[in-house]
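Trainee: Okay, predicted coordinates and the sequence, questions at the end:
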Amino acid sequence: MANNNEVFIEVKNLKKYFQVGKNATLKAVDDVSFFIRKGETLGLVGESGCGKTTCGRTVMGMYSATGGQVLFDGIDVHKLGKKDKKNFARRAQIIFQDPYASLNPRMTVGDIIGEGIDIHNLYTGQARTNRVYELLQLVGLNKEHGSRFPHEFSGGQRQRIGIARALAIEPEFIVCDEPISALDVSIQAQIVNLLIQLQRELGLTYLFIAHDLSMVKHISDRVGVMYLGSMVELASSHDLYEKPLHPYTQALLSAIPVPDPEVERNKARIKLEGEVPSPINPKPGCRFTPRCRYAKPICSLETPILKEIEKEHYVACHLFD
Amino acid sequence: MAQLSKDKFTIIGCENVNSDEILRPSMTYWQDAWRRLKQNKVATLSLIILILISLMTIVGPYINGFRFEVTNNDLINVKPNGVHWFGTDNLGRDVFSRVWAGGRVSIIIGLIGAFIDTVVGSIYGGISGFFGGFIDDIMMRIVEILASIPYLVVVILVSLIFSKGIGAIIIAMTITGWVGMARLVRGQLLQIKEQEYVLAAAALGANPSRIIAKHLLPNTLGIMIVAITFDIPSFIFGEAFLSYLGQGIQSPNTSWGALASAAQPNLMFYPYQLFFPSLFISLTMLSFTLLGDGLRDALDPRLRQ
Amino acid sequence: MEKILEVEDLRVSFHTYAGEVQAVRGISFYLKKGETLAVVGESGCGKTVTSKSLMRLIPEPPGEIKKGSKILFDGKDISLMSEKELRELRGSDISMIFQDPMTSLNPTMTIGKQIAESLIIHRGMSKTEAMNEAIKMLDLVNIPDADKRAHQYPHEFSGGMRQRAMIAIALACNPKILIADEPTTALDVTIQAQIMELIADLQEKLGTAVILVTHDLGVVADVADRIQVMYAGQIIEHGTIDEIFKNPQHPYTWALLMSVPRLDTKNKGKLYSLQGTPPDLLKPPVGCSFAARCEYCMQICREEMPEVTTLSESHEVCCWLKHSMAPKVDIPEALRGDR
């Protein structure tokens, strides 16, 4: 059992490919490595198609790994037998992005939250009911909400129900798969505050996946940036935003809209031309080459490796060879 | 405007206000569907008609005192009048009582047939859709082969093996009839399987039977109910068609189809004998179809207001 | 600058099984030629219903634009127009682009044809003329290889490109007003920046006035001239972009501004967040609609709707805190910092 600040989850050279046609392989996650310490939050950012959701689900064991390994407290997640998988579920849970699709429309909120309790036989009868009420209140809802149906709630409230469901079986690790992307900005703050508070109270470890960089910075201790299946930069929250080294990270940060007209007017935005290319049958070399201002000949030939450039600050870029 | 007093202007904040309250009455999916169905006048009317017809098949044969199988050589082919409301047939039997006795048989065939279709079809389609992949491929190929066997060939074969009657008809029609329901359930399952709430249940550690029972089936029920509502009339019509060919119900038992078949040679002279059974076949089928349409709209979660 | 759109006391309700939901409760605003008006608020505040009502896109029933509402465009009242007049108006004088480019484009028609459709209907062009114009439009929205792309289908375009195609369709007939309903919410951050820049660019070139509906104040800071903040079906504050960002007056506006995370907030500190959810408009609150979530709520706020206070020619706010008898409340410290 890992103690706080020890390495809890280790991802080694993880690969997840999907066969999408006769000769077409979608390399969603292509040789990604990182670790998460107990009690910390690792943020994973990138745009659509970068593989962060696939990465999160593969870490959870929901997808099999095409290559590489995921070690959860020393246990290989993809080599679990049926009974062990059930026990693993009690230690690692997931919160989904779409509050409208992640709750069964035919079940009451109380039953949705209580499902985990029922599956693992944690409480029965009155004790179960009390536990469900406790969880509802933990996420800021009322007891009465337990007998209602998902369609009667707003997006933010549904997301809170999803969090309560994940917490019901007392996990140690939660993968937050874009939990705030579908919510209004004002509600996002509610959910993020809740997650931070729960982490403090229950000692949780998070893998926080998102494409909103400002929120990610706020909740994460360390942040990894993904592009088309590869990890291009990994550093502490502070270092990544203060001193972004990879050209993609720099462009990403400059694209964040700031709610201040003066700043916006005077900002020199790094314009990223073109669209994000497809992760199917990618060309060799660094995937960012076609859109990179600093592209050199070597970039289209050799894939750069994630190297430690400064203390705990890793970058995969030929600029730092 | 009234004079505003100063004390109304002290800040009291919003601490104890319950701002997460839900004001609307809670409705389950079925309550909401029922409400929407009631708003659909055509569907409601169809439902009423079906209920009336069903009641009549239960009590109808006893109403006017003439039993449906009793013959009377003095009253052959009498036109509808005050005593025999629908007239009599070529053996002097009261048509009114026969129509309702026959209706009993037709509707029971419809209900039992649809029930068997549903049970067999949904189990088969459920397994195929849930497991997907190789199992799905094989199971669907079998379904396709069954679906391409000519219906009439099956019926005739079955009636050679089993003696003619209600049982034979039901077996004949359901042997390949469940295929439609299987495809429907499989399709729906393939769609729902990928929904995030199913993934969430799997992530919580739920085993397949729990996922099927609690998550997949309840969300398929809507589609199944609509399919059943369309299936029943096709059985009623199928029975009528088979009886016309002489494969169906034999005397003295009767069904709407048998009545129509027997009345057909006399069409030019005694049209009322064909008219009444045909009327009720059409009315029942139409009502089921319109009700099915209404149910489909009422049960569709996307059309919810 | 002249006003091309004037909305007076717009009230829109929906008749549902539970009763009448008053989605928009008496709002009035205007739009000047060539300017960008941002309509900001949470989900359910009525901003989308408002924008759809401007083009009468709300199905009536169950929706209803109540009598007494006036939507004056070019001298005519849109709320009273016939179907025929509305068909001429839509796409040609006023256009709209939507949030989800996936479902707003017809998957069975080529992009070029969808742009040309608008030109054929409203400008009476022939098929070839319209197609050529469509290719020009695709060029204008920075889609490379426009002549090839015009013959492709929506599924061959990426999310950002589909949004551009939608903009091309909307602007094909050079409308006077473009309504953009959350145009970038479904897009990645770098594409978002590209699209907003494109809209600003085109606005300058074509002189179109834009109504930008969004819940994200960050997106607004770059492009808007004026902002109006909506809550529970009412406009609670409106002003120029500098007035709203530098001198916001309504507690809800403060809450919205403080909810946007800045890169300089303390890591894992408590983010400002408004508790609770907006009121159910089935039974709209009697007094100020924000009272249940306002930390400055007073007794009067719960009893009566606040009056409108005019702070400048363009800046108005609807709040009891501005009343002479109310205690003086300053802009929260968090917002004052670098202003």
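Mentor: Nice, I can see it.
Trainee: For the stretch 51-200 of chain C, which segments count as helices?
Mentor: For the stretch 51-200 of chain C, helices defined by DSSP state H, counting those that start in this stretch occupy the ranges C:83-89, C:101-104, C:111-123, C:127-140, C:146-149, C:159-171, C:189-206.
Trainee: Same list (those helices) but as TSV, adding mean neighbour count, mean pLDDT and distance to A:A24.
Mentor: Where you see a C-beta, it was placed from the backbone N, CA and C, and this is true even at glycine. Written out in TSV, the entries for the helices of the stretch 51-200 of chain C read as follows (neighbours: other Cβ atoms under 10 Å in any protein chain shown; pLDDT from 0 to 100; distance: least, Cβ to Cβ, whole Å):
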stretch	mean neighbour count	mean pLDDT	distance to A:A24
helix C:83-89	13	89	44
helix C:101-104	16	81	22
helix C:111-123	21	90	24
helix C:127-140	19	91	28
helix C:146-149	16	88	22
helix C:159-171	25	89	20
helix C:189-206	19	86	24
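Trainee: Tell me which of these lies nearest to chain B.
Mentor: Chain B lies closest, by Cβ to the nearest Cβ, to one member of the helices of the stretch 51-200 of chain C: helix C:101-104, at 12.7 Å.
Trainee: Find the helix or strand that A:R158 is a member of.
Mentor: In this structure, A:R158 sits in helix A:155-167 according to DSSP states H and E.
Trainee: Same question for B:T176.
Mentor: Secondary structure from DSSP H and E places B:T176 in helix B:166-193.
Trainee: And A:V32, by the same measure?
Mentor: Assignment of secondary structure by DSSP H and E places A:V32 within strand A:25-37.
Trainee: C-alpha coordinates for the helix or strand just after that strand, PDB please?
Mentor: Heading C-terminal from strand A:25-37, the first helix or strand you meet, by DSSP H and E, is strand A:41-45. Backbone C-alpha positions of strand A:41-45 (Å, rounded to 0.1, in the frame of the first residue of the first chain) are rendered in PDB as follows:
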ATOM      1  CA  THR A  41      -3.500  15.300  -9.100                       C
ATOM      2  CA  LEU A  42      -2.000  14.700 -12.600                       C
ATOM      3  CA  GLY A  43      -3.600  16.900 -15.200                       C
ATOM      4  CA  LEU A  44      -3.700  15.600 -18.800                       C
ATOM      5  CA  VAL A  45      -4.500  18.200 -21.500                       C
END
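Trainee: Could you please name the strands strand A:41-45 pairs with and the direction of each pair?
Mentor: Taking DSSP bridges as the criterion, strand A:41-45 pairs within the sheet with strand A:205-210 (parallel), strand A:222-227 (parallel).
Trainee: so which helix or strand takes in whatever residue of the stretch 51-200 of chain A ends up closest to chain C?
Mentor: Closest approach between the stretch 51-200 of chain A and chain C, counting by Cβ to the nearest Cβ: A:A189, at 3.7 Å. When secondary structure is defined using DSSP H and E, the element that contains A:A189 is helix A:185-202.
Trainee: Just the CA trace of that helix, in PDB.
Mentor: Presented in PDB, the C-alpha positions along helix A:185-202 are these (Å, rounded to 0.1, in the frame of the first residue of the first chain):
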ATOM      1  CA  VAL A 185     -18.100  28.300 -16.700                       C
ATOM      2  CA  SER A 186     -19.900  29.300 -13.500                       C
ATOM      3  CA  ILE A 187     -20.800  25.700 -12.700                       C
ATOM      4  CA  GLN A 188     -17.400  24.400 -13.600                       C
ATOM      5  CA  ALA A 189     -16.000  26.300 -10.600                       C
ATOM      6  CA  GLN A 190     -18.500  24.500  -8.300                       C
ATOM      7  CA  ILE A 191     -17.500  21.100  -9.500                       C
ATOM      8  CA  VAL A 192     -13.700  21.800  -9.400                       C
ATOM      9  CA  ASN A 193     -14.100  23.200  -5.800                       C
ATOM     10  CA  LEU A 194     -16.000  20.000  -4.900                       C
ATOM     11  CA  LEU A 195     -13.300  17.800  -6.300                       C
ATOM     12  CA  ILE A 196     -10.500  19.600  -4.500                       C
ATOM     13  CA  GLN A 197     -12.400  19.500  -1.300                       C
ATOM     14  CA  LEU A 198     -13.100  15.800  -1.600                       C
ATOM     15  CA  GLN A 199      -9.400  15.200  -2.400                       C
ATOM     16  CA  ARG A 200      -8.500  16.900   0.800                       C
ATOM     17  CA  GLU A 201     -11.100  15.100   3.000                       C
ATOM     18  CA  LEU A 202     -10.800  11.600   1.500                       C
END
